[in-house]
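Asker: Please find the sequence and the predicted model below.
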Amino acid sequence: MEEGFITVNKDYMIFYRYHKRDPKYRYFNRKFEIALFKKDNAKSKLLLLLDNCDTGPGKWFPHIHKPGLDKKYYLGISTLNWNQLKNKLLECFVSETKEDYREDFKKAVDKLLSPKLS
C-alpha cells in the first residue's frame, strides 16, 4: 500500500492512499482514496474524499464523498482518464475552498501519480 500527504499551502493538505492490486477493481486495478483536509490547530478536518469503492458493473467511475453525508457525489466524473480525473478533482477542491488557492491546488494535484497499475 502506498500512502502519503501532499501539502497544498498553510491551510490545506491532500492525503492519498493506493491499495494493493485487487481484481475486483476493473479499470484502476486497485482501490484508491484521495482526500482533502483543512488544517486546524490541533487536528485536521476532512472536506472531500474521492475514491473508487464501488466494484459493481457500470460503477467503475470514482466518486466524491462529503463527510457527514451518506450520498455519493459523482460531480460530473464520467471518465476513467487519469488526466481528466485530476482536472475534475482540481475543480472540486477549488470550489470547496477559494479560487485564490487554484495555483496551489494545481501544483499539489500534479504531484499525484496515477493509481492504475500496468
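Answerer: All right, it came through fine.
Asker: just the strands in this protein please.
Answerer: For the chain, the strands defined by DSSP state E occupy 2-7, 12-21, 30-39, 44-51, 63-65, 72-73.
Asker: Switch those over to TSV; also include mean pLDDT and distance to residue 92.
Answerer: Bear in mind the C-beta positions are built from the backbone N, C-alpha and C, glycine included. Shown next, in TSV, are the strands of the chain (pLDDT from 0 to 100; distance: least, CB to CB, whole Å):
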stretch	mean pLDDT	distance to residue 92
strand 2-7	93	16
strand 12-21	92	12
strand 30-39	91	8
strand 44-51	89	6
strand 63-65	80	6
strand 72-73	60	9
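Asker: which residue sits closest to residue 65, ignoring its sequence neighbours?
Answerer: Leaving aside its chain neighbours, residue 65 sits nearest to residue 49 (4.5 Å; criterion: CB to CB, 6 or more residues apart in numbering).
Asker: typo on my end, it should be residue 9
Answerer: Nearest one to residue 9, counting by CB to CB, 6+ apart, is residue 104 at 4.6 Å.
Asker: partners of the residue nearest in space to the middle of the chain in the sheet?
Answerer: Centrality entry for the chain: nearest residue to the mean C-alpha point is residue 34, 3.1 Å, by CA atoms, centre = their mean. Residue 34 forms beta bridges with residue 16, residue 50, as assigned by DSSP bridges.
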